[in-house]
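# Here is a sequence together with a model predicted from it:
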Amino acid sequence: VVATKFTPSPWRRTAESVVEACEESCKRLGVEQIDLYQLHMPDIVQPFKMFGQGKNKDAIYWDGLAECYNRGLVKNVGV
């Protein structure tokens with residue numbers, strides 16, 4: 001079983017950025033498909049939210065995970 005995760009980070013702002021991270025993980029791991037690809041943690045750390053600058057990106061991350069699944073890059077996704 002090959003399992004790995006990606007971290008929600010400031011530079012992951014689109015679903016495609018999640019797919020790109022998954023593709024890079026596949027390359028590093030030397031596999032065509034990951035058995036379990038996980039979001040390291042929900043987007044809960046938002047230090048600027050109190051200033052009106054925070055925006056939760058969980059929906060973007062889930063869209064990216066779904067796209068990884070649809071492209072056959074992963075068998076399962078999780079948190």
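Looks like it came in fine.

# Contact partners for the residue minimising distance to the centre of the chain?
Residue closest to the average C-alpha location in the chain (Cα atoms, centre = their mean): V18, at 4.3 Å. V18 makes contact with F6, R12, I60, Y61, D63, G64, L65, E67, C68 under the criterion Cβ atoms under 8 Å, 6 or more residues apart in numbering. To be clear about C-beta, it is placed using only N, CA and C from the backbone, and glycine gets the same treatment.

# can you check Q38 too?
Residues near Q38 by Cβ under 8 Å, 6+ apart: A3, T4, K5, F6, V77, G78, V79.

# My read is that the first one contacts Q33, right?
No: assessed by Cβ atoms under 8 Å, A3 is found out of contact with Q33, at 11.9 Å.

# quick one: what helix or strand has the residue nearest to the centre of the chain in it?
If you go by DSSP states H and E, V18 is part of helix 15-29.

# buried stuff in that helix?
For helix 15-29, burial by neighbour count (16 or more other Cβ atoms under 10 Å) applies to A15, S17, V18, V19, A21, C22, S25, C26.

# wait, which of these is closest to L73?
Distance to L73 across the buried residues of helix 15-29 (Cβ to Cβ) is lowest for C22, with 5.0 Å.
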